[in-house]
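[1] sharing a model prediction with you, sequence too.
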Amino acid sequence: MRIGCTVTFSNAEDLELRLRELTGQGFDNCQLVNWTPESWTDEFVPVVLALLDKYKVTPSAFWCGWEGPKVWNFYEGQETLGLVPEKWRAIRVQNLKDGADFAKKLGITDVITHMGYIPENPLDPQFTAFCDAVREVAEHCKANGQNLLFESGQETPVTMLRCFETVGTGNLYCNLDTANVILYGKANPVDALDVIGPRVRNLHAKDGFYPTNGHDLGREVPLGEGKVDFKALFEKLKELNYDSWVTIECEIAGDAAQKAGVAHAKKYLEKVTSEVYGK
């Protein structure tokens with residue numbers, strides 16, 4: 001079990017700062033997170049590779065952002081997030097294909113993104129259109145020898161699985177965000193493994209509470225203080241023979257709070273995974 005952290009960057013200066021902080025906290029792996037398609041150039045590739053080598057950090061995945069607005073709530077989120085909104089679908093399909101090509105040049109096989117509020121109703125015409133868009137990206141990734149991972153949260157686990165089955169390319173997987181399924185009120189991460197467990201290839205280790213109104217997401221809190229039962233989660237992952245990446249993502253407001261949250265999460269996860277996996 002390899003515990004890492006997300007590293008969000010848009011340029012070389014950002015990346016070096018974050019990698020220095022990462023290794024200073026005792027990590028040797030990360031998900032590279034980038035929301036600036038204009039930075040995915042051939043010229044930037046050797047810069048990123050050199051910095052990863054300098055700090056001896058292994059990237060477990062490339063978290064690929066996309067252009068256009070993004071509002072993380074239950075109302076505007078329906079119209080702004082992922083490949084679901086028709087207005088933004090074409091440009092974001094191209095963003096994801098471009099991001100996959102950038103990741104391939106970095107030697108990264110797993111590409112992650114948020115897909116948006118996938119329709120629950122499989123007979124909704126938007127479900128078919130959405131799956132067609134996903135298939136275009138997934139086939140591009142497959143040609144690159146890559147996998148496309150959905151970060152969980154905005155859809156129920158069964159809707160995600162239905163999309164995987166409908167697209168049918170064989171390279172769709174889940175980046176299980178343990179808090180997001182709770183923050184969006186969609187599932188419990190432990191029970192979600194009954195549905196999508198075999199499709200999990202990476203985790204966002206995060207904690208939080210369910211929504212308390214119909215407009216806003218639930219509240220993120222430090223690991224062990226929310227609704228995620230991490231011991232039960234890792235016990236089920238062990239049953240599924242998962243012994244791979246665990247990526248801390250801390251989005252609690254404030255730099256100091258985030259750094260403290262990451263440090264706490266590392267110790268917490270090391271203890272829980274040691275208890276479950278015995279190493």
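    That came through, no problem. Numbering: from 1, shown residues only.
[2] packing partners of the lengthiest helix in the chain?
    Scanning the chain for the helix with the most residues, using DSSP state H, yields helix 255-277. Helix 255-277 sits against strand 2-8, helix 230-239, strand 245-248, with contacts defined as 3 or more CB pairs under 8 Å, 6 or more residues apart in numbering; DSSP states H and E. From N, CA and C alone the C-beta is placed, and that goes for glycine too.
[3] residue 25 against residue 262, yeah?
    Yes. Here residue 25 lies in contact with residue 262, judged by CB atoms under 8 Å, at a distance of 6.3 Å.
[4] pLDDT weak spots in the stretch 151-279 of the chain?
    279 (pLDDT under 70).
[5] helices of the protein, start to end?
    For the chain, the helices defined by DSSP H cover 12-24, 44-55, 76-80, 86-105, 125-143, 157-167, 180-183, 189-196, 230-239, 255-277.
[6] residue 46: how many residues sit nearby?
    11 (other CB atoms under 10 Å).
[7] one more: the one 4 residues further on?
    If you count neighbours by other CB under 10 Å, residue 50 ends up with 12.
[8] likewise for residue 185?
    A count of nearby residues for residue 185, using other CB under 10 Å, gives 15.
[9] and for it, nearest residue in space, chain neighbours not counted?
    In space, and not counting its chain neighbours, residue 185 is closest to residue 211: 4.8 Å by CB to CB, 6 or more residues apart in numbering.
[10] quick one, grab the pLDDT at the closest residue to residue 11 other than its chain neighbours.
    Using CB to CB, 6+ apart and skipping residues adjacent in sequence, the residue nearest residue 11 is residue 39, 6.4 Å away. pLDDT for residue 39: 98.
[11] how deep is residue 39 tucked in, by neighbour count?
    If you count neighbours by other CB under 10 Å, residue 39 ends up with 18.
[12] you'd agree it is up against residue 14?
    No. At 9.5 Å, residue 39 does not count as touching residue 14 under the criterion of CB under 8 Å.
[13] what's the closest non-adjacent residue to residue 206?
    Nearest to residue 206 is residue 179, by CB to CB, 6+ apart, at 3.5 Å.
[14] actually residue 226, sorry about that
    In space, residue 226 is closest to residue 207, 3.6 Å off (CB to CB, 6+ apart).
[15] again, but for residue 170
    residue 142 (7.5 Å).
[16] the one you found contacts residue 167, doesn't it?
    No. Between residue 142 and residue 167 there is no contact under CB under 8 Å: 10.7 Å.
[17] more neighbours: which of these two?
    Taking other CB under 10 Å, residue 142 and residue 167 do not tie; residue 167 has more neighbours (21 against 17).
[18] before we move on, back to that, can you tell me which of the helices and strands packed on helix 255-277 is most buried?
    Mean neighbour count (mean count of other CB atoms under 10 Å) peaks for strand 245-248 among these, with a mean of 25.
[19] I appreciate the help and will end here.
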